[in-house]
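Q: Sequence and predicted structure, then a few things I'm wondering about:
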Amino acid sequence: MAIAISRPFDIATWAGLVTATLHLSLDRGIGVPIFRQIYDGLRGAILEGRLRPGQRIPSTRSLAADLGVSRLPVLSAYEQLLHEGYLVGKTGSGTFVTTHIPDQLLRSRAIGRSKPRAASESSIVRERIVPNKPNPANWSLPVVPFQIGLPALDLFPHAAWTKLVARQVRAETPEQLAYGDPAGLRTLRVAVAEHLRASRAVRCVADQVLIVPGSQAALRLVATTLLEPNDRVALEEPGYFGTHRAFGAAGAQFVPVPVDAEGLNVAALERRSAGAGANIRAVYVTPSHQYPLGMTMSAGRRLALLDWAERNKAWILEDDYDSEFRYISRPVGALQGMDTHDRVIYIGTFSKALFPAARIGYMVVPPPLWNRFLESRFAFDIFTPTIYQRALAEFLASGQFARHLRRMRSAYTERRDALLRGLERHCAGLVEVSNSDAGLHLTVLLRAGEGIDDHEVIKEMGRRGLAALPLSSSYVGPGERHGLLLGFGCATPQRLLAATRVLGEILRGSVSP
Ligand SMILES: Cc1ncc(COP(=O)(O)O)c(C=O)c1O
C-alpha cells in the first residue's frame with residue numbers, strides 16, 4: 001500500500017551551518033523511488049541556487065533522520081550527485097556543493113530568460129556536407145561477438161512478448177485496422193512519459209511525447225523540421241555516424257566540436273559559434289553516454305551548454321540511446337530535465353532496451369514546437385505501425401518492462417566484466433579502454449604510434465567471425481584516432497572471453513615486429 005510522506009524539510013535548522021532552506025517533499029505514492037526524489041530535490045536546489053556553490057550539505061545520517069527514511073536512499077542520492085559532479089566530498093570535513101558550476105550560470109537559470117547575444121567576429125567553422133569516410137555500418141551483419149548496437153537478443157523474453165502481441169492481434173477491432181494517430185498510441189505515450197519522468201528525470205507530459213520508428217527517424221525528423229539546407233549543426237567529434245547520415249542527407253553543414261573527459265567542449269562550441277554568419281542552429285549531444293567514447297557530460301558542461309543554446313537560440317538534440325544501462329553508478333538524469341527554456345529535444349529508443357527490429361523510438365518535444373513536429377511526422381509516414389505500440393504499452397504498464405530491464409542490467413554487467421577481463425588477459429598493452437561505465441559497447445584505443453589501421457583490423461576480425469566498428473570513421477574532421485567500438489550486448493560472457501583471445505592474436509599480428 002502506498003504511504004504518502006510529504007513534509008517540508010528545513011535544513012536552516014541543521015547545525016547552524018546551512019543558511020538556505022531546502023524544501024524536500026517525499027511521497028511514496030507517486031511511484032518514484034525515494035532515492036530519486038532526494039536526488040531530484042537536492043539537484044533542483046543546487047540548480048536554482050538555493051544551495052550555493054561551496055556550501056556544506058548535511059551528512060547522510062542527519063538528512064535521513066530528518067526525512068524519516070533509512071540511510072540507504074540518501075547515500076545513493078549523494079553518490080549519484082558526487083558522480084555527476086554536483087557535490088564534492090572532502091575527507092574528514094563533509095560533503096559540499098561543487099564550486100565548478102559558474103555562479104552566473106546558476107543565477108541566470110534562477111532568474112529566467114537571459115538576453116540573446118549578438119554573434120560576433122570571426123569563426124572557425126568546418127563545413128562538410130557528408131563525411132568523406134567509407135561506410136562502416138552494415139547492420140545486416142550476423143549477431144556475432146563485438147557487433148555494435150545490439151542488445152542481448154538471446155535473453156529477450158520471447159514467449160511473453162509473443163503472447164502479448166498475439167493477444168493484441170486477436171483483440172483488434174476494425175477501427176484499429178484503420179489509420180493511427182501520427183503522435184503515437186495514447187496509452188504508449190502515457191507509459192513512456194511516466195517511465196521518462198521516473199527513471200530519467202525528464203520533465204514531460206504525454207502530450208509532448210511523439211512515437212517514431214526508431215531514433216534514426218527522430219534525427220531525420222529534426223533535420224527536416226528545424227533545418228534549412230546549409231544550416232550549421234554542431235556535432236560531437238568523434239560522434240554518431242547515424243547523425244552524420246541524417247543531417248548530411250538534409251544538406252546541413254557540420255561543425256565538429258571536440259569532446260574530452262567531461263563530454264562536449266562547450267568553450268570550443270562558443271568559439272565556433274562566435275563569428276558573423278557563424279550561426280549554429282542545433283547541437284547534437286549524447287550526454288549520458290557519449291557515443292562512441294563513453295564519458296558522461298559533467299554538470300558544469302550541461303549548464304554551460306543550456307546557457308549557450310539559450311543565448312544563441314539554438315536547439316539541443318539530446319540522444320539518450322542506451323542510458324538504461326549503467327554499471328558504475330545510477331542512471332544519470334537527462335539534460336532535458338535541467339532545461340528551463342524549452343531548448344532541448346529529447347530522443348530515445350527501444351532498440352537497446354527491447355530489440356532493434358521493433359522500430360519504436362520516441363521524442364519529447366518542447367511545447368512550442370509540437371505542432372510543427374506533428375505536421376512533419378504526418379508528412380514523413382503518417383504514423384508508426386500500431387500493433388507493436390499496443391503490445392509495448394501493455395509491456396510497460398504491466399511491469400514486465402521494468403523486470404526485463406533489471407534482468408538485462410545484471411546480464412550486461414556480466415558481459416561487460418567478461419569483456420574487460422578478456423581485454424586485460426589477451427590484449428594487455430595493445431589497447432586502452434576509453435570508458436566502460438555504461439551502455440552496450442566500449443571503445444578501445446589502439447596503441448598510438450604503431451600505425452595500426454582500425455579498418456584493417458576490422459577486416460581481419462570479420463574473416464575470423466567477429467565484428468566491430470572503426471573509431472576513425474566516427475570523425476567528420478581531421479585528427480581522427482584509431483580504435484575499435486566493441487559491442488558486448490549480444491554475446492555471452494564465454495563467447496566474449498574467447499573473442500578477446502582472437503582479437504589479441506589479430507592485434508599482435510598487426511603490430512610490426
Ligand atoms: C548514438 C545512437 N543513437 C541511436 C541509436 C539507435 O537508433 P535506432 O533507435 O534508430 O535503432 C544508436 C544505435 O546503436 C546509437 O548508437
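A: Arrived safely.

Q: what's the burial count for G41?
A: Neighbour count for G41, taken as other C-beta atoms under 10 Å: 18. C-beta here means a position set from N, CA and C on the backbone, and glycine is covered the same way.

Q: Spatially, and excluding backbone neighbours, which residue is closest to it.
A: Excluding its sequence neighbours, the residue lying closest to G41 (C-beta to C-beta, 6 or more residues apart in numbering) is L24, at 3.9 Å.

Q: how near is the one you found to the ligand?
A: Look at L24 and the ligand: by C-beta to the nearest ligand atom, to the nearest Å, they are 34 Å apart.

Q: any idea which element that residue lies in?
A: For L24, there is no enclosing helix or strand under DSSP states H and E.

Q: Likewise for A65?
A: Counting by DSSP H and E, A65 is part of helix 60-67.

Q: Rounded mean pLDDT for that helix, please.
A: Regarding helix 60-67, the rounded mean pLDDT is 82.

Q: Show me what that helix packs onto, helices and strands only.
A: In terms of contacts (3 or more C-beta pairs under 8 Å, 6 or more residues apart in numbering; DSSP states H and E), helix 60-67 is packed against helix 71-84.

Q: So what's the residue count around G248?
A: 19.

Q: Remind me which helix or strand it belongs to.
A: helix 241-249.

Q: cool, V257 as well?
A: Using DSSP H and E, the element containing V257 is strand 253-260.

Q: In that strand, which of the residues would be classed as buried?
A: Within strand 253-260, the residues that qualify as buried are 253-257, 259, counting by 16 or more other C-beta atoms under 10 Å.

Q: wait, does that strand make contact with the ligand?
A: No - Strand 253-260 does not reach the ligand (C-beta under 6 Å from any ligand atom); its nearest approach is 13.0 Å.

Q: is the helix or strand just after that strand up against the ligand anywhere?
A: Next helix or strand after strand 253-260 toward the C-terminus (DSSP H and E): strand 263-264. No - figure legend: strand 263-264 not in contact with the ligand (C-beta under 6 Å from any ligand atom); closest approach 13.6 Å.

Q: just how off-centre is strand 263-264 within its chain?
A: Distance of strand 263-264 from the chain centroid (C-alpha atoms, centre = their mean, to the nearest Å) equals 12 Å.

Q: Sheet-wise, list the partners of that strand with their directions.
A: Next to strand 263-264 in the sheet, as set by DSSP bridges, lie strand 253-260 (antiparallel).

Q: circling back: count the residues that sit near the residue nearest to G41.
A: 19.

Q: for the helix holding A65, which positions count as buried?
A: Under 16+ other C-beta under 10 Å, the buried positions of helix 60-67 are 60, 63-64, 66-67.

Q: Stretch 82-96 too?
A: Across stretch 82-96, burial judged by 16+ other C-beta under 10 Å covers 83-87, 95-96.

Q: Which of those residues sits closest to S410?
A: Checking the buried residues of stretch 82-96 against S410 by C-beta to C-beta gives H83 as the nearest, at 20.0 Å.

Q: count of neighbours near the nearest residue to I328 once chain neighbours are set aside?
A: Once flanking residues are discounted, I328 sits nearest to D437: 4.2 Å by C-beta to C-beta, 6+ apart. D437 has 18 neighbours, counted by other C-beta under 10 Å.

Q: got the residues of the stretch 201-350 of the chain near the ligand?
A: Counting by C-beta under 6 Å from any ligand atom, the stretch 201-350 of the chain comes close to the ligand at 214-216, 240, 242, 286, 291, 319, 321, 349.

Q: Quick one, grab the pLDDT at the residue nearest to I328.
A: 92.

Q: swap in P8?
A: 40.

Q: Then A2?
A: According to the prediction, A2 has pLDDT 38.

Q: before we move on, the earlier item: wouldn't the residue nearest to G41 be in contact with G68 here?
A: No - L24 is beyond contact range of G68, at 11.5 Å (criterion: C-beta atoms under 8 Å).

Q: re earlier: hey, C-alpha coordinates of the helix holding A65 in PDB?
A: Provided in PDB are the C-alpha atoms of helix 60-67 (Å, rounded to 0.1, in the frame of the first residue of the first chain):
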ATOM      1  CA  THR A  60      23.600  11.400   5.000                       C
ATOM      2  CA  ARG A  61      22.900  10.300   8.600                       C
ATOM      3  CA  SER A  62      21.300  13.600   9.600                       C
ATOM      4  CA  LEU A  63      19.400  14.100   6.400                       C
ATOM      5  CA  ALA A  64      18.000  10.500   6.700                       C
ATOM      6  CA  ALA A  65      16.900  11.200  10.200                       C
ATOM      7  CA  ASP A  66      15.200  14.500   9.300                       C
ATOM      8  CA  LEU A  67      13.400  12.900   6.400                       C
END
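
Q: what's the helix or strand for the residue of the stretch 1-150 of the chain found nearest the ligand?
A: In the stretch 1-150 of the chain, the residue that lies nearest the ligand is G149 (3.2 Å; C-beta to the nearest ligand atom). For G149, there is no helix or strand it lies in under DSSP H and E.

Q: can you pull the contacts of it?
A: 139, 351-352, 356, 440-441, 487 (C-beta atoms under 8 Å, 6 or more residues apart in numbering).

Q: Out of the residues you listed, which end up buried?
A: Neighbour counting with 16+ other C-beta under 10 Å marks 351-352, 356, 440-441, 487 as buried within the contacts of G149.

Q: Spatially nearest residue to the most centrally placed residue in the chain, not counting backbone neighbours?
A: Residue closest to the mean C-alpha point of the chain, counted by C-alpha atoms, centre = their mean, is D320 at 2.7 Å. Nearest in space to D320, with sequence neighbours left out and distances taken as C-beta to C-beta, 6+ apart, is G348 at 4.9 Å.

Q: Assumed the one you found was part of a strand.
A: Yes - assessed by DSSP: H, G, I helix; E, B strand; the rest coil, G348 belongs to a strand.

Q: and it, what does it touch?
A: Here G348 is in contact with 192, 196, 200, 215, 320-321, 361-364 (C-beta under 8 Å, 6+ apart).
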